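> When you get a sec, could you give me coordinates for this:
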Amino acid sequence: MLNAVLKNARLAVRLTVKGAIALVLIVAAVALPQIAHIAGGASAGAVYLPMYAPALIAGCILGWQWGLGVGILSPVASFAFTSLFLDSAMPAAARLPFMIAELAVFGLVSGLMSKKIASAPLMAFPAVICAQIAGRLTYFVLSVIFSQTAAAAWAVIETGLTGLYIQAAVVPVIVLLLALAVKHERD
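Predicted coordinates for the structure are as follows:
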């Protein structure tokens, strides 16, 4: 989506702008779970999945490479920050590899549709839903292979359905608003 605004800019400028946006989204992915835990208690992260939205937004507006990067770096940054400064690692070390894979898929899949979103912003709705399905499927498969029973992995997915529903509605609206802002900037 940003490519339309940045199309005449030099590569270094495009990378700097996209890198700055990616950094803001990673910071948001670290901060949102903290806010959710303060507002909603210890289970709020598992219910609302606040770290997932920035990866979806990154994919939708920056493309698959940046979405993948934000998806990978968000849980790593959150784990490092909370381990070092809060004495309470989030996500937990045992869950970290699964979240890295899952969020990477969220950013990748939503990013694969970023060109379509740029030309038809309503495509953000199916992009987010496809990314959510692919990401949660990735979590389920890896979790069953490496750590949990299918029933336990499915219970984790069910716990996060509220967050997925909220994000399926809110993230595309954010992307639509950004698309309108970009269109206004071009005009």
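
> quick one: contacts for K116?
With contact set as C-beta atoms under 8 Å, 6 or more residues apart in numbering, K116 has these partners: 123, 127. For glycine as for every other residue, the C-beta is placed from the backbone atoms N, C-alpha and C.

> ok, how many other residues are close to A55?
By the measure other C-beta atoms under 10 Å, the count of residues near A55 is 35.

> tell me which element the residue nearest the centre of the chain is part of?
Closest to where the C-alpha atoms of the chain average out (C-alpha atoms, centre = their mean) is A55, at 1.8 Å. Assigned by DSSP states H and E, A55 belongs to helix 52-62.

> Tell me which residues are up against stretch 159-166.
43, 46-50, 52, 132, 136.

> Mind doing that once more with 7 Å?
With contact meaning C-beta atoms under 7 Å, 6 or more residues apart in numbering, stretch 159-166 is reached by 46-49, 52, 132.

> And those, which is closest to A94?
Among the contacts of stretch 159-166, A46 lies closest to A94 (C-beta to C-beta), at 13.7 Å.

> now the closest residue to the closest one other than its chain neighbours: how far from L178?
The shortest distance from A46 to any non-neighbouring residue, by C-beta to C-beta, 6 or more residues apart in numbering, is to T159 (5.0 Å). T159 sits 29 Å away from L178, going by C-beta to C-beta, to the nearest Å.

> Between these two, tell me which one has more neighbours.
With neighbours defined as other C-beta under 10 Å, T159 and L178 compare such that L178 has more, 19 against 14.

> list the contacts for A150?
A150 touches V144, counting by C-beta under 7 Å, 6+ apart.

> how much space between A94 and L176?
From A94 to L176 the distance is 37 Å (C-beta to C-beta).

> Looking at those two, which one has more neighbours?
L176 (16 against 9).

> what's V144 in contact with, if anything?
So V144 contacts 150, 153 (C-beta under 7 Å, 6+ apart).

> Please name the nearest non-neighbouring residue to Y48.
G163 (4.1 Å).

> how about whichever strand or helix holds that neighbour: buried residues?
Following DSSP H and E, one finds G163 within helix 161-186. The neighbour-count check on helix 161-186 (16 or more other C-beta atoms under 10 Å) flags 163-164, 167-168, 171-172, 174-176, 178-179, 182 as buried.

> How far off centre is that helix?
13 Å (C-alpha atoms, centre = their mean, to the nearest Å).
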